[in-house]
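# Pasting a predicted model and its sequence here:
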Amino acid sequence: MTFPILSGTSSFYALIGHPVNQVRSPTGFNTYLTERNINAAMVTFDLLPESIGGFFTMLRGWGNCLGCCVTIPHKNIAFELVDQTTNRAKRIGAINIIRREKSGKLLGDMTDGLGFISALQLNGLSVTGKNIGLIGGGGAGSAIADAIAEANAKHLSIVEIDPIKRDMLISKLKKQYPTLSLDNAINHPENIDILINSSPIGMNSYDPLPISLAEFRSKIMVADSITEPNFTPFLRHAKNNGCFIQKGNEMADAQLPIFIDFLGIPSDKVSP
């Protein structure tokens, strides 16, 4: 594939995170833009947390930037820094995609949960009526929890080592979804149908497993949101225990059409 030569007429999409070596969005975005002969590109910024305020000031004045993806650890603070968010992002308190209007106004949304549900559907599964175990209550975890609740799961058990973060997420879910059955721990692992790691545990080679599968049934779906490494030790552990697995890149890739739609990128302009 031949990528276009960028010029002064090119538009840009940014991606911010720290680190950014694990992200998949630029590959998917730039392939999509090139295939449609769109004069634009996504560029990554390994942005230190203390610099995020200055970046958002720059983003408002960046005339040929049309949007921005947001990954760890910036999803929650970015929610506070944009001008407007969708109702979904308000429920979650985090964003992972920003549309920049011509005026410089920034509109944010949070699509991690939609991406997870979409990837699960591509694997022939649904959370509706199921018992779900979720590890991690940060930005991605909160988004996945919200999507699970919205899709009418039977029961959601949340494991989060930070009690403040855990209790805040459970409080939000109870307020928004009062009929949802919730636990702040996985008290009955034998009942779990789908188990999800949305924490960063597994990104580093020295990380422990987020949870042991010894007490879980075999042949359940075990999913991980981590994209680097894509086949995490946790997923390897799950596969060795006879479970089905969903890799982090499946969730990431499933978000591309959602991003494209939110940013208003043409979907029918294909190069000859």
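On my side now, so go ahead. Everything numeric here is computed off the predicted structure, so don't read it as measured data.
# Excluding covalently adjacent residues, which one is nearest to Asn64?
In this structure, Asn64 finds its nearest non-sequential neighbour in Ser11, 5.1 Å apart by C-beta to C-beta, 6 or more residues apart in numbering. Backbone N, C-alpha and C define where each C-beta goes, glycine included.
# Quick one: end-to-end distance for stretch 223-235.
End-to-end span of stretch 223-235 (C-alpha to C-alpha, to the nearest Å): 7 Å.
# For the helix or strand harbouring Ala252, name the packing helices and strands.
Using DSSP states H and E, Ala252 sits within helix 248-254. Helix 248-254 sits against helix 25-35, helix 112-122, with contacts defined as 3 or more C-beta pairs under 8 Å, 6 or more residues apart in numbering; DSSP states H and E.
# Give me the contacts around that helix.
By C-beta atoms under 8 Å, 6 or more residues apart in numbering, the surrounding residues in contact with helix 248-254 are 24-25, 28, 112, 114-116, 118-119, 122-123, 223-228, 230, 232.
# tell me the secondary structure for the closest residue to Ile117 other than its chain neighbours?
Among residues not flanking Ile117 along the chain, Ala147 sits closest, at 5.0 Å (C-beta to C-beta, 6+ apart). With DSSP: H, G, I helix; E, B strand; the rest coil as the basis, Ala147 sits in helix.
# Please tell me how far Ala147 sits from Lys75.
Ala147 sits 15 Å away from Lys75, going by C-beta to C-beta, to the nearest Å.
# got it, and Ser51?
16 Å.
# How about Ser267?
26 Å.
# These two - which one has more neighbours?
More crowded of Ser267 and Lys75, by other C-beta atoms under 10 Å: Lys75, with 25 against 11.
# Looks like that one contacts Asp109 (just checking).
No - counting by C-beta atoms under 8 Å, Lys75 stays clear of Asp109, with 11.3 Å between them.
# what is in contact with these two at once?
With C-beta under 8 Å, 6+ apart as the test, Lys75 and Asp109 both reach Ile95, Asn96.
# Which residue ranges of the stretch 151-272 of the chain form helices?
Under the criterion DSSP state H, counting those that start in this stretch, the stretch 151-272 of the chain contains helices at 163-176, 233-240, 248-254, 256-263.
# Tabulate the CA atom coordinates of the first one in CSV.
C-alpha atoms of helix 163-176 as CSV (Å, rounded to 0.1, in the frame of the first residue of the first chain):
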residue,chain,number,x,y,z
PRO,A,163,-12.0,1.0,46.5
ILE,A,164,-12.8,4.6,45.7
LYS,A,165,-12.8,4.0,42.0
ARG,A,166,-14.8,0.7,42.5
ASP,A,167,-17.5,2.3,44.7
MET,A,168,-17.8,5.3,42.4
LEU,A,169,-18.4,3.0,39.4
ILE,A,170,-21.0,0.9,41.2
SER,A,171,-22.8,4.0,42.5
LYS,A,172,-23.0,5.4,38.9
LEU,A,173,-24.3,2.1,37.6
LYS,A,174,-26.9,1.7,40.4
LYS,A,175,-28.2,5.2,39.7
GLN,A,176,-28.4,4.8,35.9
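# Now do the buried residues in it.
Using 16 or more other C-beta atoms under 10 Å as the test for burial, helix 163-176 gives Lys165, Arg166, Leu169, Ile170, Lys172, Leu173.
# elements contacting that helix?
If you count contacts as 3+ C-beta pairs under 8 Å, 6+ apart, helix 163-176 packs onto helix 87-92, helix 139-150, strand 155-159, strand 181-183.
# One more pass at 7 Å, please.
For helix 163-176, the packing partners by 3 or more C-beta pairs under 7 Å, 6 or more residues apart in numbering; DSSP states H and E come out as helix 139-150, strand 155-159, strand 181-183.
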